[in-house]
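Novice: structural data only, the sequence is not supplied:
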């Protein structure tokens with residue numbers, strides 16, 4: 001049993017459990033996503049219809065999930081009296097129906113809907129892909145911009161992000177990696193996109209940025225990095241700057257601490273995203289013992305520049321070493337084992353990590369200070 005606002009989400013119920021819900025007197029309507037052939041525990045039509053609670057029934061997969069059923073669910077949930085019960089077999093489709101309804105009301109696209117599911121801790125986040133696709137296909141307003149996440153298989157565990165405007169087909173890359181340049185350019189060509197900018201979240205120590213190599217192959221592309229990094233680029237960014245490209249708009253936020261020149265890029269597109277570099281990782285953060293790093297600065301950066309964002313904003317870091325792809329502001333504020341500590345505890349922890357010297361820093365840092373140009 002899960003309660004979200006005016007809705008109770010239920011799976012299969014026996015007669016006594018159904019009676020308990022009905023006799024509570026709290027609920028005015030009951031939407032079942034199963035059919036009568038599924039049996040009374042999954043479709044208690046007679047028992048509910050015999051009460052004062054209004055019965056509603058919309059068949060929603062499996063095995064198929066249709067846009068028509070989604071529109072019918074939206075129509076029923078909009079009109080039915082609240083508080084209400086939504087029932088399926090395990091509460092997963094009921095969760096999906098509620099997420100679809102809430103996303104529609106709040107004007108979210110597919111990404112925003114799934115972020116909402118994570119924030120509300122609903123089963124949709126672990127649902128099969130067809131169910132997630134059903135939510136996306138049923139929303140009239142799709143994601144605002146094109147978004148892709150790529151992983152460096154060459155060894156640095158770096159994420160490179162592609163963002164593009166749907167209409168102009170202009171694109172930018174965040175944190176490209178030298179060894180992955182051919183992959184990234186092939187992906188852009190296949191999607192019919194024109195690369196305009198290469199952005200770096202900071203001057204990396206574990207890999208050489210692909211910005212310089214990309215500029216060699218596509219001379220019109222502009223590289224960008226924070227002025228505070230003291231690295232070379234076509235555009236040196238300052239806190240508060242905006243990188244704009246059609247529907248793509250990234251706000252530059254200074255998040256020093258891992259290095260003195262770290263920035264995070266924030267956009268309200270696709271339900272809200274923040275690209276945090278090494279400042280905030282999933283259940284962690286970057287080290288603070290070189291390149292002007294400061295544990296005190298990092299703690300303040302994350303708490304004032306990232307944790308103040310809307311809780312549903314998706315967190316996309318520069319690296320992950322455990323196979324995780326993203327998190328949310330809400331999740332990191334509540335569960336990050338380092339940054340949920342007090343500032344004093346955090347500083348003590350970071351000061352005693354005793355990490356080894358970065359393996360590639362002697363090659364990466366000089367090259368990255370020159371926009372990834374390798375001598």
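Specialist: Everything's here; your move. Predicted, not measured: the structure shown is a model, and the values here were computed from it.
Novice: going by C-alpha atoms from here, please, whenever you check contacts or count neighbours.
Specialist: Fine.
Novice: tell me the centre residue of this structure?
Specialist: In the chain, the residue lying closest to the centroid (Cα atoms, centre = their mean) is residue 314, at 3.1 Å.
Novice: got the contact list for it?
Specialist: By Cα atoms under 8 Å, 6 or more residues apart in numbering, residue 314 lies in contact with 115, 272, 273, 274, 326, 327, 328, 329.
Novice: among those, which ones are buried?
Specialist: 115, 272, 273, 274, 326, 327, 328, 329 (16 or more other Cα atoms under 10 Å).
Novice: find the nearest non-adjacent residue to residue 363, please.
Specialist: Ranked by Cα to Cα, 6 or more residues apart in numbering and with sequence neighbours excluded, the top spatial neighbour of residue 363 is residue 208, at 7.8 Å.
Novice: that neighbour against residue 366, yeah?
Specialist: No - using Cα atoms under 8 Å, residue 208 makes no contact with residue 366, being 9.1 Å away.
Novice: more neighbours: the two, which one.
Specialist: residue 208 (29 against 19; other Cα atoms under 10 Å).
Novice: contacting residues around the residue nearest to residue 363?
Specialist: Shown in contact with residue 208 (Cα under 8 Å, 6+ apart): 177, 178, 363, 364, 365, 367, 368, 372.
Novice: now those: which count as buried?
Specialist: 177, 178, 364, 365, 367, 368, 372.
Novice: adding secondary structure, pLDDT and distance to residue 13 as columns, could you present those residues in TSV?
Specialist: Shown next, in TSV, are the buried ones among the contacts of residue 208 (DSSP: H, G, I helix; E, B strand; the rest coil; pLDDT from 0 to 100; distance: Cα to Cα, whole Å):
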residue	secondary structure	pLDDT	distance to residue 13
177	strand	96	52
178	helix	96	56
364	helix	89	60
365	helix	88	61
367	helix	88	63
368	helix	85	60
372	coil	79	61
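Novice: for residue 187, state which of the residues you listed is nearest.
Specialist: Each of the buried ones among the contacts of residue 208 was checked against residue 187 using Cα to Cα; the closest is residue 177, at 14.1 Å.
Novice: residue 283 - how many residues pack around it?
Specialist: Residues within reach of residue 283, counting by other Cα under 10 Å, total 16.
Novice: how about the nearest residue to it, chain neighbours excluded?
Specialist: Excluding its sequence neighbours, the residue lying closest to residue 283 (Cα to Cα, 6+ apart) is residue 336, at 4.5 Å.
Novice: pLDDT wise, what is the one you found at?
Specialist: pLDDT recorded at residue 336 is 97.
Novice: okay, now it: neighbour count?
Specialist: Residues contacting residue 336 under the criterion other Cα under 10 Å number 18.
Novice: from residue 137, how far off is it?
Specialist: 33 Å (Cα to Cα, to the nearest Å).
Novice: check residue 293 too.
Specialist: Using Cα to Cα, residue 293 is found at 45 Å from residue 137.
Novice: for the residue nearest to residue 363, phi and psi?
Specialist: Geometry field for residue 208 lists phi and psi as phi -90, psi 130, criterion degrees, to the nearest 10.
Novice: now the one 5 residues further on
Specialist: Recorded main-chain torsions at residue 213 are phi -70, psi -40, according to degrees, to the nearest 10.
Novice: over to residue 48?
Specialist: The phi/psi pair for residue 48 (degrees, to the nearest 10) is phi -70, psi -40.
Novice: what pairs with the residue lying closest to it once chain neighbours are set aside across the strands?
Specialist: Closest residue in space to residue 48, ignoring its immediate chain neighbours: residue 55 at 6.4 Å, by Cα to Cα, 6+ apart. Under DSSP bridges, the beta-bridge partners of residue 55 are residue 30.
Novice: correct me if wrong: residue 55 contacts residue 33.
Specialist: No - using Cα under 8 Å, residue 55 makes no contact with residue 33, being 11.2 Å away.
Novice: these two - which one has more neighbours?
Specialist: Just comparing residue 55 and residue 33: by other Cα under 10 Å the higher neighbour count belongs to residue 33, 23 against 20.
Novice: just give me the neighbour total for residue 125.
Specialist: Other residues within reach of residue 125, judged by other Cα under 10 Å, total 20.
Novice: where's it relative to residue 245, distance?
Specialist: The gap separating residue 125 from residue 245 is 31 Å, by Cα to Cα.
Novice: same question, residue 278
Specialist: 24 Å.
Novice: kindly report the same for residue 22.
Specialist: In this structure, residue 22 and residue 245 are 53 Å apart, going by Cα to Cα.
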